[in-house]
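Engineer: Coordinates only, no sequence provided:
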């Protein structure tokens, strides 16, 4: 059985693209009727269809997003008249047409994208801050490692110096010993030569 819904919607519903949303939803439910702005700032919706579809429709048009905020819907059901072939928006004098409503819808989507973008950027800056902290900690750890390596290098240089000093001392001692032994051998050779000469003369 065909039923008729008459609903008065109040809130932030004019000049927000609300009527175009209502038309889209009504056509999705295959409802017939119209939606129009009222002088007092409310929107009037008249729709005809099955009672179950009209009840779901009333819930669906209670919209709240970046531009639209429905605060109250006063709805009343009665017998249908089957007076309409489609669902349409009534455009009064000085009211926006479909193109401006579409623009309002795009603006709403842009607002949502910008909000999400700023949220992502805020999270990204948080991640970057964490990354910089990690890098700072990494530099601190690297600096500590470099200091430790520098201390080890200094110890190694000192050890090499000590070892070199010891080697030089040992070389000096060896040279002294070698010199002494060489002189002793030369003296013996000279003595032997003198002795041999003396024997050859006699």
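Structural biologist: Yep, that arrived. Remember, it's a predicted structure, so these values are computed and weren't measured experimentally.
Engineer: Phi, psi for residue 43 please.
Structural biologist: phi -120, psi 130 (degrees, to the nearest 10).
Engineer: change the start of the numbering to 9 and stick with it
Structural biologist: Happy to do that; since the first residue is 9 now, the last one works out to residue 51.
Engineer: Who does it form a beta bridge with?
Structural biologist: Applying DSSP bridges to residue 51 gives these bridge partners: residue 17, residue 45.
Engineer: wait, it sits on residue 26?
Structural biologist: Yes. Counting by C-beta atoms under 8 Å, residue 51 does reach residue 26; the two are 6.2 Å apart. (Each C-beta comes from the backbone N, C-alpha and C, glycine too.)
Engineer: who touches both of these two?
Structural biologist: Common contacts of residue 51 and residue 26 (C-beta atoms under 8 Å, 6 or more residues apart in numbering): residue 17.
Engineer: neighbour count winner among the two?
Structural biologist: Just comparing residue 51 and residue 26: by other C-beta atoms under 10 Å the higher neighbour count belongs to residue 26, 27 against 22.
Engineer: Now do the contacts for that one.
Structural biologist: So residue 26 contacts 17, 51, 71, 76, 78 (C-beta under 8 Å, 6+ apart).
Engineer: who wins for most neighbours among those?
Structural biologist: That'd be residue 17 among those, by other C-beta under 10 Å, with 26 neighbours.
Engineer: Was I right to think that one contacts residue 53?
Structural biologist: Yes. Using C-beta under 8 Å, residue 17 is in contact with residue 53, at 6.3 Å.
Engineer: shared neighbours of the two, which are they?
Structural biologist: Common contacts of residue 17 and residue 53 (C-beta under 8 Å, 6+ apart): residue 69.
Engineer: Name the nearest of the contacts of residue 26 relative to residue 141.
Structural biologist: residue 76 (42.4 Å; C-beta to C-beta).
Engineer: Tell me the backbone dihedrals of the closest one, please.
Structural biologist: The phi and psi torsions at residue 76 (degrees, to the nearest 10) take the values phi -100, psi 140.
Engineer: what separates it from residue 55, distance-wise?
Structural biologist: According to C-beta to C-beta, to the nearest Å, residue 76 stands 18 Å off from residue 55.
Engineer: before we move on, what about residue 143?
Structural biologist: As defined by C-beta to C-beta, residue 143 lies at a distance of 61 Å from residue 55.
Engineer: Same drill for these two, tell me which one is more crowded.
Structural biologist: Neighbours per residue, other C-beta under 10 Å: of residue 143 and residue 55, the larger number sits with residue 55, 27 against 10.
Engineer: Got phi/psi on the nearest residue to residue 88 once chain neighbours are set aside?
Structural biologist: Nearest non-adjacent residue to residue 88, counting by C-beta to C-beta, 6 or more residues apart in numbering: residue 10, 3.2 Å away. Dihedral pair for residue 10: phi -70, psi 130, per degrees, to the nearest 10.
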